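K.L.:
sequence unknown, structure follows:
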C-alpha cells in the first residue's frame, strides 16, 4: 500500500461512513504510519517509487503498532482504544476506505482480509512488550 493524491480535497465524512466512525485523528495516524512503515521497510531516503515501496497489510499492521509505540509509548493502547481501534481488522477498514477514496493505493492481490488477525492487541500492547520496545527506542 502506498500513498497518493495528497493534495486532493478529501470527503472525510464519506470515508468515515464507509469504514466506521473512527475519529479523523485515526485516519491521519494510519496515513502517517504508512510512511513510517515504508521508511522502516525500505529506508527513509530510498529513491524507489511509491509502487516499489508497497507494504503488505501484515507489514502495515506491524508498522502501525510500532508507530503507535514510537508516538505514545505506554499510552499507545489507550489512544488506539479511545479511537475505537481494538484489532488489526480496524486498521484494514480504515485503509480500505482510504483506498476507495483514492488516498492510498493497492496492488491487485491486496485485500481487506490481509489485516485480519495479524496480532492480538492484548499481547503486542502488554506492559512487558511495550517496555521492551520503549527500551529499544531509548537505546538507539
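P.N.:
Received the coordinates, thanks. For clarity, every value in this text was computed on a predicted model and none was experimentally measured.

K.L.:
can we go C-alpha only for contacts and neighbour counts from here?
P.N.:
Noted.

K.L.:
just give me how far the longest helix belonging to the chain sits from the chain centre.
P.N.:
In the chain, taking DSSP state H as the definition, the longest helix is helix 24-42. For helix 24-42, the gap between its own C-alpha mean and the chain's C-alpha mean amounts to 5 Å (Cα atoms, centre = their mean, to the nearest Å).

K.L.:
output the contacting helices and strands for the helix or strand just after that helix.
P.N.:
Note on helix 24-42: by DSSP states H and E, the next helix or strand toward the C-terminus is helix 57-72. On a contact count with 3 or more Cα pairs under 8 Å, 6 or more residues apart in numbering; DSSP states H and E, helix 57-72 meets helix 24-42, helix 76-82, helix 88-100, helix 127-139.

K.L.:
mind picking out the helix or strand in this protein with the poorest mean pLDDT?
P.N.:
Counting by mean pLDDT, DSSP states H and E, the weakest-scoring helix or strand in the chain turns out to be strand 2-3, with a mean of 44.

K.L.:
let me know the next secondary structure element after that one.
P.N.:
Downstream of strand 2-3 (by DSSP H and E), the next one is helix 12-19.
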